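Peer 1: requesting a structural model of the entry that follows:
(chains A and B)
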Amino acid sequence: MFTSFRDPAGSVLVTEDRVLRSVNMTGEANLNAFLASRIAKGFVESGVLVRTTRVGSAGPFTNQFRPERQGRENRVTLEHERIPFPNFPYEWPPEMLFQAASLTLDLAEQALTEGFGLKDATPYNILFRGTRPVFVDLLSFEQRDPRDPIWLPYAQFQRTFLLPLLINRFFSVDLHQLFLTRCDGLNPEEVYRLCGAWRKLRRPFLTLVSIPVWLEARSPRKSALYNPRRLKTTSDATHVLGQLFRFIRRQLKDVEPVEHHTSKWQDYMNPRHDFDMNYVWKKELFVRQALDEFRARRVLDVGCNTGYFSRSAARVGATVVAIDRDPAVVGDLWREVHSDGADILPLVVDFARPSPSVGWRNSENLSFLERAHGSFDLLLMLAIVHHLLVSERIPLEEILGLAADLTSDLLVIEFVAPDDPMFTTLTRGRESLFDKLTNESFREACTKRFHIIRSQQLDPKSRWLYLLKKK
Amino acid sequence: MFSAVLVLAVHETGESFYALYADPGAGALAWQLLLAAIFGGMLYARSLLVKLKILRSRKEKKLDDKQD
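Peer 2: Next comes the predicted model:
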């Protein structure tokens, strides 16, 4: 169970199977107006806004919401649909952050047509359902002064979307590391310090970084800067705001992630790689048979690489979460499945160092393992165990123990023997550490937590596939 | 000088923002105000141009009527 409570208009409580929102009098009027609007209905129908129903009360969870602010008691209780497998910006490749930014701008601009605006613009307002972003923070919508020509959340949009995408594209800074430590993104000053003199004057750095920094330095400390502004007519304000959004969209376009070939793992499934396609086809057949036979519907593909086997699982109707620690391969996978609509959620997660719990009291965003526990009935661990054994130095019993914790039923796991060329590439002279690791010892370790349903030797002969059922 | 530009850019109302809880920044907000002033100025110039054109066409029409 975890909560979200930063918005003064209400708080959210997430239990094992429900997402409840308490709204106080600060947010009640806005909420009612927004829920009654045509755009809210349109957003929900098109799947970009979370489905919501009013409920009489939160029932047994009423007292579990964070203590309400003084004088702001609960007035309305809502229940949101549950998005399968909640995910956060530090688990997204840049492509997903860009998509979330585009959705934020789309919603903010479309909401203007009925007199609403967004009061905040952070990626934490969005969760991905498969490859599609869904806006989940209903209280972000508020009625606007129609003569106000300013989009106040611009600074937050800049800090949490534009600048992270900028430094990812131009300085190759990993978003995973950035968002884990910087919930509210980056300030322009921090990026300004990274830039040389010439870069500060060039697009997109000039309008995104340099001018805001220069203006901030020239702004008087106690100025009237924060007072609301109004133009003479609504149409003037609409025109100015429309131009501002066009300008922000150009800024976003300038930091759009580009397709890079920077990772050796992007070509892993290429037939020119060390192994031949017979090996891949045998694996695919094995995985397909397991899926067909046991009708697994929720699959976690650990070390998914380009998502070849995630796609196999999705093709037979499974909902797949595909994780890999390499943002380049996860980004490639997102691009592919976003265009063909496969039910795959690609995330940047290092299985050896999965995302921790973050936020206030470490309870705002649950850790990856807490979210994954019991969420999958089949785990795919293909060509990953030797990396965990050798590069991460994690004992086999630990790996199998974690797999047993995460799957509620099945595990498809590939054993790579120490004499495999890939294994020896990783060990680099430390072969003696693994001299007791054989197919027989692996099989024995598996039987402590799983029943072996079947196994199959692959080509090359040093690799075996196992289909295991949890005891 | 800079604050004068901002004040000229868009009218202040003196009321506080409703339910704003995310940091609106300083540089980013000032930059947005400046952009709003530029876009607003362009809009004003365009409407002025349209008015001048209408005025000119009216004058030309009057002149034509007199000549007829």
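
Peer 1: below-threshold pLDDT in chain A: ranges please.
Peer 2: Judged by pLDDT under 70, chain A has its weakly predicted residues at A:1-2, A:57-58, A:60-72, A:220-223, A:260-275.

Peer 1: where is the longest helix in it?
Peer 2: The longest helix of chain A (DSSP state H) is helix A:234-254.

Peer 1: please apply the same query to chain B.
Peer 2: From DSSP H, the single longest helix across chain B is helix B:27-67.

Peer 1: that one packs against which elements?
Peer 2: helix A:154-157, helix A:211-218, helix A:234-254, helix B:2-9 (3 or more Cβ pairs under 8 Å, 6 or more residues apart in numbering or on different chains; DSSP states H and E). Placement of C-beta: from N, CA and C, glycine included.

Peer 1: so which of those is the most packed in?
Peer 2: Of all those, helix A:154-157 carries the top mean neighbour count, a mean of 25, counting by mean count of other Cβ atoms under 10 Å in any protein chain shown.

Peer 1: for it, packing partners?
Peer 2: Under the contact criterion of 3+ Cβ pairs under 8 Å, 6+ apart, helix A:154-157 touches helix A:94-112, helix A:234-254, helix B:27-67.

Peer 1: apply 6 Å and report the result again.
Peer 2: If contacts are counted by 3 or more Cβ pairs under 6 Å, 6 or more residues apart in numbering or on different chains; DSSP states H and E, helix A:154-157 sits against helix B:27-67.

Peer 1: the nearest residue to A:Arg315 once chain neighbours are set aside and chain B, how far apart?
Peer 2: In this structure, A:Arg315 finds its nearest non-sequential neighbour in A:Ala342, 7.6 Å apart by Cβ to Cβ, 6 or more residues apart in numbering or on different chains. To chain B, A:Ala342 is 35 Å away according to Cβ to the nearest Cβ, to the nearest Å.

Peer 1: repeat that for A:Val48.
Peer 2: Distance of A:Val48 to chain B, computed by Cβ to the nearest Cβ: 21 Å.

Peer 1: OK, contacts around that residue?
Peer 2: For A:Val48, the contact set (Cβ atoms under 6 Å, 6 or more residues apart in numbering or on different chains) comprises A:Phe135.

Peer 1: got the phi/psi numbers for it?
Peer 2: Main-chain torsions, A:Val48, degrees, to the nearest 10: phi -90, psi -10.

Peer 1: ok so, going back, nearest to A:Ala33 among the helices and strands packed on helix B:27-67 would be which one?
Peer 2: Among the helices and strands packed on helix B:27-67, helix A:234-254 comes nearest to A:Ala33, with 17.3 Å by Cβ to Cβ.

Peer 1: report whether the closest one contacts chain B.
Peer 2: Yes. Contact of helix A:234-254 with chain B (Cβ under 6 Å from any Cβ of the partner chain) involves A:His239, A:Val240, A:Gln243.

Peer 1: redo the residues you listed as a markdown table? Include distance to A:Pro146.
Peer 2: Shown next, in a markdown table, are the residues of helix A:234-254 next to chain B (distance: Cβ to Cβ, whole Å):
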| residue | distance to A:Pro146 |
| --- | --- |
| A:His239 | 12 |
| A:Val240 | 12 |
| A:Gln243 | 16 |
